[in-house]
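Novice: A predicted structure for the sequence below; I have some questions about it.
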Amino acid sequence: MAGFPKTGDEYGGRYRITRELGHGGMGIVYEAVDSVLNRSVALKIVLPSLPDREDFQARFAREASVLARIRSRHVVGIHEYGEHDDTVYFVTELFPDGDLQHWLQSNGPLDRRDALLLVAQVCEALADAHTSGVIHRDVKPGNVLLWKRSEGLIPYLCDFGIAIDGQEGLTRTGALVGSPAYMAPERHFGRAADERGDVYSVGCLLWAVLTGDAPYSGTDFQMMNSHINEPTPQLGTGHPVDQRIDEVLVATLQKDPEQRLGTAEEVRQRLLTIVGEVDAQVAGAPAGPVEPEEMPVGATQGSEPEPHPDAIAPSGDAPGENRRRGPWLLVAALVLALVGGVATAVALLGDGDAATTAPEPTTSADAETTPDEETVALPPTPDPPRVSAASKYRSVVFAAAAPRYRESADLSLEYHTGDGWEPTRRKVTVETEMGGARACARFRSLATGDDGTQSTSRAVRECGSAQPPTVEFIRSEDPCVNSIGGPCTWYDVRVSGFRSSVTPLVSVRRVNGEPWCVGCDYDRIEVGADGRGYLRHDWKISRDEGQVILDVAGVTREFHVFY
């Protein structure tokens, strides 16, 4: 085969290519139609032009073998593995709804209950893999495929290309494999991966589905440093549900693997227990773990809890037909029995199409009525506001504009502070710890009718990043004399936008990586409460000029220096 197949091509005498789904370091994934079974499938083909083709083909074959070995409801199933011309391939189930990473980018974080259920199902996939002796090593949103149903999202763990299963020799010595944003601290030190590394990655995944972002951001080096040294991220809202979730985050994101939860099944049980407690609080039933059997993310079990005010549910998912009649039907029936008659309540509790024997309906004389009481109508639900983000110094300014409202009601804006919704003006400033950091805000429209009744729009979540931190190399005009009495020039360093009250390391080197001068390539700079710092008369130059790189805590700039 001269190259990769194109749309419309027939591959392997069986698969007709319909479109390219994506490509990575090992191969390209297509959507194809299996002409034998007349079904759509995912076709993954290894790159024929890879420099270490034999090594990658061995990895490819092992990934197919691993997928075939793992039996799980939430791991992508494999249909076929083979060779065609000068390529190797395997065929798996197709999930046209994309992966979790793209879902989060398009829809924002899941609400609390949906997030817990989705990650619990990913934990089930990992537990099944671990039972088969397989360590995934690359758990992240991009490796969780989704099946969107009317009831919600069902996750499937995929991409076992760098998984280990007891075989040796398929990872280069000294190579660090995985995704730095989701990799356990011990992995950054090159230690062997085990189940606890996957548990740590699941903790990172839980944070991502709750907030929309990985726990730490920045360059690969900055993320590695954060996983090793930074505190465990916490929701910290004070809400009882969030406090329970924070406990799971602490238990899964321990820096020391010996202190971490040991198995994915333990994590799964903790998550389902929280879901059970949430449902019990709403339904008034005894608490207990929820088993998500036949219950995709978003489905109803018992009672749908009131979403936490700091959570955004995926848009566009209409709840499906209820498969199980839960306590909410009983509540609805009792309410109707009080205000509209027992017969209606009994009908609700019946099977719908089954014959039921109901008591005689209550007459108006049997119930207390208030004929003069009028039903209060809420004003129509307003459209959500339009929100934009602007980068500022160690902050992000969000501007919200209320939509036009044709009804006879006042329209205002509300902003979620983390503790609840509060009235706000058009602009809200969210401070960040340092430049380049990401911040998010939620707004909604509030319509107030003439009679004081109110209704709100769905919440809108917008994110932005603060202005990046700056580093400057400044030539001083102050007198300078070098060690042999000759003329020289002082250079100062000025930084802004950094985290307050820290002393980041400052280094200066030539563009080829060599030190600029002996003994003058490293120093530390004090950063004040305003995020700014100044290092005066620390470098001098004589009889030299050229390009140098100034690096302050990973923030680099290139400068031309001269005598």
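Specialist: Received the coordinates, thanks. Just so it is clear, the structure is predicted and the values come from calculations on it, not from any experiment.
Novice: Do a quick rundown of the strands in the stretch 401-550 of the chain.
Specialist: Ranges of strands in the stretch 401-550 of the chain, per DSSP state E, counting those that start in this stretch, are 409-416, 421-424, 427-431, 438-449, 454-456, 460-465, 470-475, 489-496, 505-510, 522-524, 533-541, 546-552.
Novice: what lines up beside the fifth one in the sheet?
Specialist: Yep, that's strand 454-456 we're talking about. strand 438-449 (antiparallel) (DSSP bridges).
Novice: Rounded mean pLDDT for the partner strand, please.
Specialist: For strand 438-449, mean pLDDT rounds to 86.
Novice: same thing with stretch 183-190?
Specialist: Per-residue scores along stretch 183-190 average to 86.
Novice: Dump that stretch to PDB, restricted to CA.
Specialist: Presented in PDB, the C-alpha positions along stretch 183-190 are these (Å, rounded to 0.1, in the frame of the first residue of the first chain):
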ATOM      1  CA  MET A 183       0.400  11.100  35.600                       C
ATOM      2  CA  ALA A 184       1.100  10.000  39.200                       C
ATOM      3  CA  PRO A 185       4.100  11.700  41.000                       C
ATOM      4  CA  GLU A 186       6.100   8.500  41.200                       C
ATOM      5  CA  ARG A 187       5.800   8.000  37.400                       C
ATOM      6  CA  HIS A 188       7.600  11.300  36.900                       C
ATOM      7  CA  PHE A 189      10.600   9.800  38.800                       C
ATOM      8  CA  GLY A 190      10.600   6.900  36.400                       C
END
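Novice: how many neighbours does Gln269 have?
Specialist: Residues near Gln269, counting by other C-beta atoms under 10 Å, number 15. Just so you know, the C-beta spots here come from the backbone N, C-alpha and C atoms, and that holds for glycine as well.
Novice: can you tell me how far it sits from Leu21?
Specialist: For Gln269, the distance to Leu21 equals 34 Å [C-beta to C-beta, to the nearest Å].
Novice: coming back round to it: among the strands of the stretch 401-550 of the chain, which comes closest to Val202?
Specialist: For Val202, the closest of the strands of the stretch 401-550 of the chain is strand 438-449, at 22.1 Å, according to C-beta to C-beta.
Novice: what angle sits between that closest one and strand 460-465?
Specialist: Relative orientation of strand 438-449 versus strand 460-465 (axes from the mean of the first three to the mean of the last three C-alpha atoms, to 10 degrees): 150 degrees.
Novice: Kindly format the C-alpha coordinates of strand 438-449 as CSV.
Specialist: The C-alpha trace of strand 438-449 is given here as CSV (Å, rounded to 0.1, in the frame of the first residue of the first chain):
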residue,chain,number,x,y,z
ARG,A,438,-7.3,30.0,34.1
ALA,A,439,-10.5,31.3,35.8
CYS,A,440,-14.1,30.5,35.2
ALA,A,441,-17.4,32.2,36.1
ARG,A,442,-21.1,31.4,35.9
PHE,A,443,-23.9,33.8,35.2
ARG,A,444,-27.7,33.5,34.6
SER,A,445,-30.6,35.7,33.8
LEU,A,446,-33.2,36.5,36.4
ALA,A,447,-36.7,37.6,35.3
THR,A,448,-38.9,39.2,38.0
GLY,A,449,-42.6,39.7,37.2
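Novice: tell me the angle of it relative to strand 409-416?
Specialist: 150 degrees.
Novice: tell me the angle strand 438-449 makes with strand 427-431.
Specialist: Using the same axes, to 10 degrees: strand 438-449 against strand 427-431 is 150 degrees.
Novice: Pull the number of nearby residues for Tyr393.
Specialist: Tyr393: 16 surrounding residues under other C-beta under 10 Å.
Novice: neighbours of the closest residue to Cys440 other than its chain neighbours, just the number please.
Specialist: Leaving aside its sequence neighbours, Cys440 sits nearest to Cys463 (C-beta to C-beta, 6 or more residues apart in numbering; 4.1 Å). The tally of other residues near Cys463 (other C-beta under 10 Å) stands at 17.
Novice: Next: Asn482.
Specialist: Neighbour number of Asn482 under other C-beta under 10 Å is 14.
Novice: residues contacting it?
Specialist: Cys488, Lys540, Ser542 (C-beta atoms under 8 Å, 6 or more residues apart in numbering).
Novice: quick one on the thing from earlier: roughly how far does the residue nearest to Cys440 sit from Pro231?
Specialist: 22 Å.
Novice: same thing with Ala32?
Specialist: Going from Ala32 to Pro231 by C-beta to C-beta gives 47 Å.
Novice: The two - which one has more neighbours?
Specialist: Set Ala32 next to Pro231 and count neighbours by other C-beta under 10 Å: Ala32 wins out with 27 against 9.
Novice: Please report the confidence value the model assigns to that one.
Specialist: 93.
Novice: In contact with it, which residues?
Specialist: Tyr11, Tyr15, Arg16, Ile17, Thr18, Ser40, Val41, Ala42, Leu43, Val91.
Novice: try Thr432
Specialist: Contacts of Thr432 (C-beta under 8 Å, 6+ apart): Arg394, Ser395, Val396, Arg438, Ala439, Ala466.
Novice: quick check: mean pLDDT across the host helix or strand of Leu118?
Specialist: Using DSSP states H and E, Leu118 falls within helix 112-131. For helix 112-131, mean pLDDT is 93.
Novice: Which elements pack onto that helix?
Specialist: In terms of contacts (3 or more C-beta pairs under 8 Å, 6 or more residues apart in numbering; DSSP states H and E), helix 112-131 is packed against strand 152-157, helix 195-211, helix 240-252, helix 264-283.
Novice: and the angle for the last one with helix 195-211?
Specialist: Interaxial angle, helix 264-283 versus helix 195-211 (the same axes, to 10 degrees): 30 degrees.
Novice: In JSON lines, list the contacts of Thr432 along with neighbour count and distance to Thr432.
Specialist: Shown next, in JSON lines, are these (neighbours: other C-beta atoms under 10 Å; distance: C-beta to C-beta, whole Å):
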{"residue": "Arg394", "neighbour count": "22", "distance to Thr432": "5"}
{"residue": "Ser395", "neighbour count": "17", "distance to Thr432": "6"}
{"residue": "Val396", "neighbour count": "24", "distance to Thr432": "7"}
{"residue": "Arg438", "neighbour count": "16", "distance to Thr432": "8"}
{"residue": "Ala439", "neighbour count": "21", "distance to Thr432": "5"}
{"residue": "Ala466", "neighbour count": "23", "distance to Thr432": "4"}
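Novice: still on that earlier bit, turn the helices and strands packed on helix 112-131 into JSON lines, including mean pLDDT.
Specialist: JSON lines is the format used below for the helices and strands packed on helix 112-131 (pLDDT from 0 to 100):
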{"stretch": "strand 152-157", "mean pLDDT": "90"}
{"stretch": "helix 195-211", "mean pLDDT": "95"}
{"stretch": "helix 240-252", "mean pLDDT": "93"}
{"stretch": "helix 264-283", "mean pLDDT": "87"}
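Novice: and these as TSV, adding distance to Gly554?
Specialist: Formatted as TSV, the helices and strands packed on helix 112-131 follow (distance: least, C-beta to C-beta, whole Å):
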stretch	distance to Gly554
strand 152-157	32
helix 195-211	20
helix 240-252	25
helix 264-283	32
